[in-house]
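>>> Predicted model follows, preceded by the sequence.
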Amino acid sequence: MRAVTVIPGVPGSLRLLDDYPEPAPEEGPILVEALSVGVCGTDIEIIDGQYGEAPPDTDHLVLGHESLGRVLEDPTGTRQPGDLVAGIVRHPDPMPCPNCAVGEWDMCRNGLFTEHGIKALPGFARERWRLQPRFAVGLDPSLIEVGMLLEPTSVMVKAWDHVDRIGLRAEWQPRTALITGAGPIGLLAALLASQRGLSVHVLDLATEGPKPALAGALGATYHSGPLDQLDLEPDVIIECTGAPVVVLEAMCKVGPNGIVCLAGVSSGGRTIDFDAGALNRTLVLENNVVFGSVNANRRHWEGAAEALSKADHAWLGSLITRRVPLAQYATAYSPGPQDIKVVLDFAA
Ligand code: BGC
């Protein structure tokens, strides 16, 4: 069958193989036919040779962690043929650590977790894959065009879940949320903020293209000026750019008792001058919290499936700026300036 693969650590090794083996029965009893796979910055980093790890005993890693497929067979009866499913990206470490032992693999402590399409597990950019029931998440059939957004949504559901948990340290009645970055992750964070009834602000560099209207359609206020000049004191900031200056400004900008969630991965290697003492003074005197957030556990995936079902499906569809047939796979991994989410289409 066809599969999009790379050799991790080797830039330029992206290939569409047409003789990739059928999924092994050990992967799980649920056999799934791929419908689509979303592309994200992590895929590009893997293609550039900066990230990613092949499964043991092979050089090749099948890409794809933002999955959507249709069940072909499930002898366990957990899913019916025809059901839409997505595969949970991360699997717990084999020890397992205290967090993985209770299903909180998103908080794995020893780094021995594996991730489909990223770290030591084949991804979902192949025509068929298999799942164990505990890693299969069902989607409403109405999400057939946009269900590959489940994975990035699960990551943002986790971010908001942890904001809530941190907020509970004291009386917590947040009103205003600022999302920095209006890529797919930022816009999905804004969607979840608007579903919570918050007053939502979105900040991005773009002044043209689809981003301002997509934020506006959520009822959010769109800003494109410098963060430190915004006339706002957000209770929560979800930082989705990973841009060092924006990260620091977010920490300074959040209001009293505020929470900053860092969800954008920086590439590192760029240094900037900043006054660490002034930042510390603000964080201490205002009880502020800054935390990082990655990945998601089953609870978050299920929350994401619910959030997507409730969302305006046309709005979700407009996040997908390009659908690339599998045969032209390479173009999916070169996002253009107007792209938000590019999707590899297995059904085309
Ligand atoms: C994925 C996460 C994953 C992270 C680190 C992100 O692109 O969405 O599921 O944990 O990369 O590998």
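Nice, thanks for sending it over.

>>> Which residues of the stretch 51-200 of the chain lie near the ligand?
For the stretch 51-200 of the chain, the contact set with the ligand under Cβ under 6 Å from any ligand atom comprises 65, 89-90, 115, 118, 151, 155. C-beta: built from backbone N, CA, C; applies to glycine.

>>> Just send those back as CSV, with distance to residue 24 and neighbour count too.
Below are those laid out as CSV (distance: Cβ to Cβ, whole Å; neighbours: other Cβ atoms under 10 Å):
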residue, distance to residue 24, neighbour count
65, 19, 28
89, 19, 29
90, 19, 22
115, 18, 19
118, 19, 23
151, 22, 28
155, 27, 25
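
>>> So which of those are in helices?
151, 155 (DSSP state H).

>>> Distance to residue 17 and pLDDT added to the residues of the stretch 51-200 of the chain next to the ligand, as TSV?
Listed next are those as TSV, based on distance: Cβ to Cβ, whole Å; pLDDT from 0 to 100:
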residue	distance to residue 17	pLDDT
65	18	98
89	22	98
90	25	98
115	20	98
118	18	98
151	23	99
155	28	98
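
>>> State the three-state secondary structure for the residue in the stretch 1-150 of the chain positioned nearest to the ligand.
The ligand sits closest to residue 42 of the stretch 1-150 of the chain, with a gap of 3.3 Å, by Cβ to the nearest ligand atom. State at residue 42, reduced to three classes by DSSP: H, G, I helix; E, B strand; the rest coil: helix.

>>> Identify the residues contacting it.
For residue 42, the contacting residues are 51, 65, 118, 265, by Cβ atoms under 8 Å, 6 or more residues apart in numbering.

>>> 7 Å - rerun?
With contacts defined as Cβ atoms under 7 Å, 6 or more residues apart in numbering, residue 42 is in contact with 51, 118.

>>> Compute the distance between it and residue 264, please.
Going from residue 42 to residue 264 by Cβ to Cβ, to the nearest Å gives 12 Å.

>>> How about residue 33?
For residue 33 relative to residue 264 (Cβ to Cβ), the value is 33 Å.

>>> What of residue 328?
From residue 328 to residue 264 the distance is 29 Å (Cβ to Cβ).

>>> still on that earlier bit, which ones among the residues of the stretch 51-200 of the chain next to the ligand map onto strands?
Cross-referencing those against strands under DSSP state E gives 90, 115.

>>> ok, the residue of the stretch 151-300 of the chain found nearest the ligand - how many residues close by?
Of all residues in the stretch 151-300 of the chain, residue 295 sits closest to the ligand, at 3.5 Å by Cβ to the nearest ligand atom. Using other Cβ atoms under 10 Å, residue 295 has 20 neighbouring residues.

>>> residues in contact with it?
89-90, 106, 155.

>>> and it, which of the three is it?
Going by three-state DSSP: residue 295 is coil.

>>> Check what contacts stretch 225-245 and list those residues.
With contact meaning Cβ under 7 Å, 6+ apart, stretch 225-245 is reached by 159, 163, 174-181, 183, 185-186, 189, 201, 203, 223, 246-247, 249-250, 252-255, 258-266, 270, 272.

>>> Quick one: buried ones out of those?
Neighbour counting by 16 or more other Cβ atoms under 10 Å classes 159, 163, 174, 176-181, 183, 185-186, 189, 201, 203, 223, 246-247, 249-250, 252-255, 258-264 among the contacts of stretch 225-245 as buried.
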